[in-house]
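Q: Sequence isn't available, so here's the structure alone:
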């Protein structure tokens, strides 16, 4: 099966973030970047599908400047066969523009399956995967927590609030991946060495017009300090009173 | 993770990728189980297949024997990350790679290499290294274990080895013995002794208060009959096991940094959350001095080991340089672990935190692979030209 996985490079979610001097982005100094978590699940899902079928090709794509080559190589060290960088000076926040560039590239790839993370940690937009499906005229399943393919058909499980659904779809298709598929493997040390020899192609991204930009970025307000109103049972009446009158949650 | 001097910027992408992959493994698979394994006094064997799949065993040996063929800086970073988990886990990998696989690679026949190395790289065959004896620790040249060649070229081995990491877990022991009645250390040769060979027994050493998540055993050889091809043909004299120790000590010098980093990170995090006298203790000068001292020593050790690794990759590293790094880095790590434990107050004695586990472990690391004192004498001899061992 020929599978494309589109990944994004995002900062470690446990970093301490600062706003950059521009006031419209985070300051990337000292941050550690990696394949976005959900995209990591998508890479793992693709590798497992091709391992199970005993063949096929897994190709990873990322759009952005040369720093996206490191996560692309990581995906290859996990087992992807080759990688394509769609080169752009920055990654636009306009998901439609990114989708357009990816779709232009993926259209002629002959892929049976195109996978994305369900959304990326840094923007939480979740636009690119669905927009690529639309631009390519393919069926789209979002937030799949399980994915299987057989006989030209795909099945996916989607977690709902208090329930789950199993959906079927014809291939080729676009699927965005939620956690729940197997935990992404650690790149083996041999895999890391092998990845150096795998092809990484770089070509300009056909972005087209970028219509959405970030005007301003700000950190969440600092939480006020907590306060201890007493200890044990004797503190309960005061706690209830404050929850009613001050916090107004009771 | 602590990188105050942006050392990442002088590591290659591949070195960082190796480090990050092992780091994820330690975070995801070692840290969740190690505290309990330590208290139970057992090596977490369940980690072996995953470590084999990851490729940490003998990772700096060539690909043709199923190894990853990494450079020595990447290998050092692996040891750092493993020991960030636990010295026992790093010891397991050190012994497997530097003390069991390395002698087979360096002194073994092509048949021995093909037979053992690919399976050892995968963790399917576990090895140990038998050099130290009950009465010969710092002075291995005095060993009394003896192998005698028989008329048909086979060997009979007699003797005992002690403090052997992986001793009871191992499928094969690489045993160092004098040969044919010659009591000089020039007669020392290496032998591969498979578990289950008649006359070979191993016994877990009980009552350890350090390296509790590690198998430390005594090996006994009583008229053990070994085939002709059990001997490592290119081994010769005490120099051979000492070459193995240089490999292992190199890894230890990196490993100790990992233990120190774990203690520092834990102490810093604790200091930033623990409130006493109405403010977090990180705001008190006395804890800031502690943290500043820890930070300085770790950064110095990181730079030291990186340069040592570059020298090793260039083929110019000397055993004395390894002695300096092992001595310095393990010593700084023992100090940092103790200070971290103290910063954590009463919580510092719990297995839930790592500081006291590292502190107790590092006492073994301080003592094994050339004690701190022995490395002092090696360095003393290197600069004065005078031998103070005797």
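A: All right, it came through fine. Since the structure is predicted, the reported quantities are computational estimates derived from the model, not experimental observations. Numbers count the residues shown, from 1 in each chain, chains lettered A, B, ... in the order given.

Q: thought residue A:85 was touching residue A:72?
A: Yes - distance between residue A:85 and residue A:72: 6.2 Å, which falls inside the contact criterion (CB atoms under 8 Å). C-beta here means a position set from N, CA and C on the backbone, and glycine is covered the same way.

Q: so what sits against both of those two?
A: When CB atoms under 8 Å, 6 or more residues apart in numbering or on different chains defines a contact, the residues bordering residue A:85 and residue A:72 alike are A:62, A:200.

Q: Between these two, point out the one with more neighbours.
A: Taking neighbours as other CB atoms under 10 Å in any protein chain shown, residue A:85 and residue A:72 compare with residue A:72 leading, 26 against 22.

Q: Wait, the more buried one touches residue A:62, no?
A: Yes - using CB under 8 Å, residue A:72 is in contact with residue A:62, at 5.3 Å.

Q: Can you pull the residues that touch both of the two?
A: Overlap between the contact sets of residue A:72 and residue A:62, as judged by CB under 8 Å, 6+ apart, is given by A:7, A:83, A:84, A:85.

Q: Mind checking which of the residues you listed land in strands?
A: Applying DSSP state E to the shared contacts of residue A:72 and residue A:62, the entries found in strands are A:83, A:84, A:85.

Q: Buried residues, the longest helix along chain A. List them.
A: Selection of the longest helix in chain A by residue count, based on DSSP state H, yields helix A:37-53. Within helix A:37-53, the residues that qualify as buried are A:37-50, counting by 16 or more other CB atoms under 10 Å in any protein chain shown.

Q: Show me which pair in these is furthest apart.
A: Maximum pairwise distance among the buried residues of helix A:37-53 (CB to CB): 21.2 Å, between A:37 and A:50.

Q: thinking again about what came up before, list the helices and strands the helix or strand just after the longest helix of chain A packs on?
A: The helix or strand immediately downstream of helix A:37-53 is strand A:57-64, counting by DSSP states H and E. Judged by 3 or more CB pairs under 8 Å, 6 or more residues apart in numbering or on different chains; DSSP states H and E, strand A:57-64 is in contact with strand A:2-6, helix A:37-53, helix A:69-78, strand A:82-87, helix A:95-106.

Q: For residue B:353, which of the ones you listed is the nearest?
A: helix A:37-53 (27.4 Å).

Q: what's next to the closest one, contact-wise?
A: So helix A:37-53 is contacted by A:1, A:3, A:5-8, A:10, A:13, A:34-35, A:56-58, A:60, A:75, A:78-80, A:113, A:115-121, A:147-149, A:176-185 (CB under 8 Å, 6+ apart).

Q: please redo it, this time with the cut-off set to 6 Å
A: For helix A:37-53, contacts defined as CB atoms under 6 Å, 6 or more residues apart in numbering or on different chains pick out A:1, A:3, A:5, A:7-8, A:56, A:58, A:75, A:78-79, A:115, A:117-118, A:147, A:149, A:177, A:179, A:181-182, A:184.

Q: tell me the angle of that helix relative to helix A:69-78?
A: Between the direction of helix A:37-53 and that of helix A:69-78, the angle (axes from the mean of the first three to the mean of the last three CA atoms, to 10 degrees) works out to 30 degrees.

Q: So for helix A:37-53, mean pLDDT?
A: Within the predicted structure, the mean pLDDT of helix A:37-53 is 96.

Q: Can you pull the residues of chain A lying near chain B?
A: By CB under 6 Å from any CB of the partner chain, the residues of chain A that approach chain B are A:186, A:187, A:188, A:189, A:190, A:192, A:193.

Q: Output these as JSON lines; include the columns pLDDT and neighbour count.
A: JSON lines is the format used below for the residues of chain A next to chain B (pLDDT from 0 to 100; neighbours: other CB atoms under 10 Å in any protein chain shown):
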{"residue": "A:186", "pLDDT": "94", "neighbour count": "22"}
{"residue": "A:187", "pLDDT": "96", "neighbour count": "26"}
{"residue": "A:188", "pLDDT": "96", "neighbour count": "20"}
{"residue": "A:189", "pLDDT": "96", "neighbour count": "29"}
{"residue": "A:190", "pLDDT": "95", "neighbour count": "20"}
{"residue": "A:192", "pLDDT": "96", "neighbour count": "26"}
{"residue": "A:193", "pLDDT": "94", "neighbour count": "21"}
